[in-house]
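J.: Give me the fold of what follows.
(chains A, B, C and D)
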Number of protein chains: 2
Amino acid sequence: MGDQLREFKAGIFQALANPTRIAIVELLRDEGEVSVARIHETLKIEQANASQHLAVLRNKSIVIARKDGNQVFYRLRDKVLGQVLDLLRKYFESHLTEASEMLADLKTP
Amino acid sequence: MGDQLREFKAGIFQALANPTRIAIVELLRDEGEVSVARIHETLKIEQANASQHLAVLRNKSIVIARKDGNQVFYRLRDKVLGQVLDLLRKYFESHLTEASEMLADLKTP
DNA sequence: ATGATATATTCGAATCTTCGAATACACAAG
DNA sequence: CTTGTGTATTCGAAGATTCGAATATATCAT
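T.: Numbers count the residues shown, from 1 in each chain, chains lettered A, B, ... in the order given. Purely as a prediction, here's the structure:
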């Protein structure tokens, strides 16, 4: 049971382990319900790519789709995930110095 | 700046997107400071594998190492990450029905 | 110094992820 | 039914991750 819970958590983290998907989740957190068109225009990514990322989030039930005629609107299933992102922002800020070093290291390989 | 923050978050999620690493983080959350030996014995993984996973967590500064003679003791750098795991456990429980369906689907490919 | 113990690193194969390109599907308008 | 618009899926290449095996390093004990 602990194992299954860890698999579950790892799956959620995996789904969030991508900057574009984080941007999607943040957009949904901030705007509520958003169409795919708005998502890929706002984030400046290909439509197909947006759909792929949304599929990942959908498969983990992080996100819920609602069809309205032609378009599909997505929303977060649970605001807990928005809270997780907020926690991480605080974490980032409270270790800002080291965090920015980390980022600098990332950018100079 | 929003971009960098998202990269940072994605990096953290990436590091946590693995059941073994989650088990390590939970062990550190529960026991405080733990040697590598205790980690790989408790989790029943190879010593080298434990070191590899610890390296991933170290590179993201999720974990801090302290050398004491022969051995190395690890601890969580910030309890925020324990809190994130707790949030996800609640999330899991509050959607238990669907979550267990998800797991069942995972197991029957 | 030698050997033993604890931890870390490197390597390679298998597997998974990511993106754009192409294509498919669903619905609406005419 | 045809055309257009919005969304989803499939495919393949490039890159990343994962594991165990082998090896390296560091420290302790003799």
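J.: who's in contact with the residue positioned nearest the centre of chain A?
T.: By Cα atoms, centre = their mean, chain A has its centre lying nearest to A:Ile22, at 2.9 Å. Residues in contact with A:Ile22 (Cβ atoms under 8 Å, 6 or more residues apart in numbering or on different chains) are A:Leu16, A:Leu85, B:Arg6, B:Lys9, B:Ala10, B:Phe13. In short, each C-beta sits where N, CA and C put it, glycine included.
J.: now do A:Asp30
T.: Neighbours of A:Asp30 in contact, by Cβ under 8 Å, 6+ apart: none.
J.: Distance of it relative to chain B?
T.: According to Cβ to the nearest Cβ, to the nearest Å, A:Asp30 stands 11 Å off from chain B.
J.: Low-confidence ranges, chain A, go.
T.: Applying pLDDT under 70 to chain A picks out residues A:1, A:97-109.
J.: Which parts of it are helices?
T.: A:2-16, A:19-31, A:36-42, A:47-59, A:80-94, A:96-107 (DSSP state H).
J.: Using JSON lines, lay out those together with distance to B:Glu46.
T.: Shown next, in JSON lines, are the helices of chain A (distance: least, Cβ to Cβ, whole Å):
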{"stretch": "helix A:2-16", "distance to B:Glu46": "18"}
{"stretch": "helix A:19-31", "distance to B:Glu46": "31"}
{"stretch": "helix A:36-42", "distance to B:Glu46": "42"}
{"stretch": "helix A:47-59", "distance to B:Glu46": "30"}
{"stretch": "helix A:80-94", "distance to B:Glu46": "30"}
{"stretch": "helix A:96-107", "distance to B:Glu46": "28"}
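J.: got TSV for these, with distance to DNA strand D too?
T.: Formatted as TSV, the helices of chain A follow (distance: least, Cβ to the nearest atom of the strand, whole Å):
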stretch	distance to DNA strand D
helix A:2-16	8
helix A:19-31	11
helix A:36-42	3
helix A:47-59	3
helix A:80-94	17
helix A:96-107	11
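J.: For B:Ala65, find the nearest of those.
T.: helix A:96-107 (14.7 Å; Cβ to Cβ).
J.: picking that back up, closest one to B:Ala50 among the helices of chain A?
T.: helix A:2-16 (15.5 Å).
J.: What are the buried residues along the closest one?
T.: A:4-16 (16 or more other Cβ atoms under 10 Å in any protein chain shown).
J.: go on, stretch A:61-79?
T.: Buried residues in stretch A:61-79 (16+ other Cβ under 10 Å): A:Ser61, A:Ile62, A:Val63, A:Val72, A:Phe73, A:Tyr74, A:Leu76, A:Arg77.
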